[in-house]
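In: Any chance you can model this:
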Amino acid sequence: MKDTSDSLSIGALADAAGVNVETIRFYQRKGLMLKSRPPAGSIRRYGKADLARVSFIKAAQRLGFSLGEVSELLKLEDGTHCVEARRLAEHKLHDVHQKLAHLRRIELTLRQLVNRCDSARGAVKCPLISSLQRHLKRITGRRGVDTGIGFRVSERLCRTTCQHSIKPLG
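Out: Coordinates of the predicted model:
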């Protein structure tokens, strides 16, 4: 954070908070920040409280809170609603545990596929691409190159490592 003056333009506020002007405007549209009233014939000015609010929002986002959840936290920002804040944080922690478990499953699957790629020889199809195609066939009931989610999968033979490419459909 840079300038902490009590009379910041929106650009100076954004710069001081380490965000861009559109972020400030977006927060205002979402009701996370109030639009200050400009003095007659002047531009809007923001102060330390506005800078603190943007910093609060960004800190909460870094902890994984969505803007909807941040809005709930902002209602509790006076610090006297610890029970409610704790409930929101416990819910977020539960979400994080679920995401970590999911990421561990992804890691294990990818590690197994990479190991299979390393063991593929000769004219054996790429195990990674084959696995994705089997998954696609289970979902769509067909085998094809178009994944139906905006990507075309092209296959090459595995050599010492798995070589494959995913290209956007165009």
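In: Could I get the buried residue list for stretch 29-38?
Out: 32-33, 36 (16 or more other Cβ atoms under 10 Å). C-beta coordinates here come from the backbone N, C-alpha and C atoms, glycine included.
In: Export those as a markdown table, with columns for distance to residue 83.
Out: What follows is these, written out as a markdown table (distance: Cβ to Cβ, whole Å):
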| residue | distance to residue 83 |
| --- | --- |
| 32 | 23 |
| 33 | 26 |
| 36 | 32 |
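In: Reformat the residues you listed as a markdown table; add secondary structure, pLDDT and distance to residue 54.
Out: As requested, these are exported to a markdown table (DSSP: H, G, I helix; E, B strand; the rest coil; pLDDT from 0 to 100; distance: Cβ to Cβ, whole Å):
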| residue | secondary structure | pLDDT | distance to residue 54 |
| --- | --- | --- | --- |
| 32 | coil | 95 | 9 |
| 33 | coil | 93 | 7 |
| 36 | coil | 73 | 13 |
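In: low-scoring pLDDT stretches of the protein, where are they?
Out: 1-6, 40, 119-124, 140-170 (pLDDT under 70).
In: Might you calculate how far the longest helix along the chain sits from the centre of the chain?
Out: When the chain is parsed with DSSP state H, its longest helix is helix 82-119. The gap between where helix 82-119 is centred and where its chain is centred comes out at 14 Å by Cα atoms, centre = their mean, to the nearest Å.
In: Next secondary structure after it?
Out: Scanning forward in sequence from helix 82-119 by DSSP states H and E, the next helix or strand is helix 127-140.
In: Could you list which residues are in contact with residue 83?
Out: Shown in contact with residue 83 (Cβ atoms under 8 Å, 6 or more residues apart in numbering): no residues.
In: Residue 81 too?
Out: residue 75.
In: circling back to that earlier point, which of the buried residues of stretch 29-38 lies closest to residue 92?
Out: Distance to residue 92 across the buried residues of stretch 29-38 (Cβ to Cβ) is lowest for residue 32, with 17.3 Å.
In: For that closest one, grab phi and psi.
Out: Note on residue 32: its backbone torsions stand at phi -80, psi -20 [degrees, to the nearest 10].
In: go on, the one 5 residues further on?
Out: For residue 37, the backbone dihedrals (degrees, to the nearest 10) come out as phi -80, psi 130.
In: circling back to that earlier point, how about the longest helix of the chain: buried residues?
Out: Here helix 82-119 shows 85, 88, 92, 113, 116-117 as buried, counting by 16+ other Cβ under 10 Å.
In: Now distance to residue 51 too, for the residues you listed, in TSV please.
Out: Below are these laid out as TSV (distance: Cβ to Cβ, whole Å):
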residue	distance to residue 51
85	22
88	23
92	24
113	47
116	52
117	50
